[in-house]
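**Q** A structural model of the following input is requested.
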Amino acid sequence: MLTTLVLLACLHGEAAQCREFPAPLPPDVGFLACAVLGQRIAVAWLAEHPAFSIKRILCRYGPPQHPA
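**A** Model (predicted):
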C-alpha cells in the first residue's frame, strides 16, 4: 500500500501559520520505514525551507491529499 510522508511545519514566530507539506517518498517505502526515513527527509526539507520549523512528522496510508 502507498505510504505518504507529511511534514507539519510552521513559520518561525507565527504559530497560527502552520500547514502540512507532503514530502516525496520512494514508491516501495512501507509505513514503518516511512517513520525512519521521514526524519532524514525532514532535515533535508528544513535546509531548503529555513523560515519554517517542523512540529510533527506523519506517515499516512494512501496518496498525498491536496487541499480543495
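**Q** Could you give the bridge partners of the residue nearest to L25 when sequence neighbours are not counted?
**A** Nearest in space to L25, with sequence neighbours left out and distances taken as Cβ to Cβ, 6 or more residues apart in numbering, is L5 at 5.1 Å. Yep, even glycine has a C-beta here, placed from its N, CA and C like the rest. Listed beta-bridge partners, L5: A23, C59 (assigned using DSSP bridges).
**Q** Report whether the expected contact of L5 with G38 is present.
**A** Yes: between L5 and G38 a contact is recorded at 4.8 Å, counting by Cβ atoms under 8 Å.
**Q** joint contacts of those two?
**A** A23, I57, C59 (Cβ atoms under 8 Å, 6 or more residues apart in numbering).
**Q** check which helix or strand covers P63.
**A** For P63, there is no helix or strand it lies in under DSSP states H and E.
**Q** how much space between it and L25?
**A** Look at P63 and L25: by Cβ to Cβ, to the nearest Å, they are 11 Å apart.
**Q** If you count surrounding residues, which of the two has more?
**A** L25 (19 against 10; other Cβ atoms under 10 Å).
**Q** so what pLDDT did the more buried one get?
**A** Note on L25: pLDDT of 85.
**Q** again, but for L7
**A** Predicted confidence (pLDDT) for L7: 95.
**Q** got it, and A68?
**A** On pLDDT, A68 comes in at 43.
**Q** In this protein, mark out all the helices, start to finish.
**A** Counting by DSSP state H, the chain has these helices, from start to end: 31-48.
**Q** Off-centre distance for the helix or strand of it with the lowest mean pLDDT?
**A** One helix or strand of the chain scores below all others by mean pLDDT, DSSP states H and E: strand 14-23, with a mean of 87. Its chain's C-alpha centre and that of strand 14-23 lie 10 Å apart, by Cα atoms, centre = their mean, to the nearest Å.
**Q** Only the buried residues of that strand, if you could.
**A** A23 (16 or more other Cβ atoms under 10 Å).
**Q** now do stretch 22-40
**A** Buried positions in stretch 22-40, judged by neighbour count with 16+ other Cβ under 10 Å: A23, L25, V29, C34, L37, G38.
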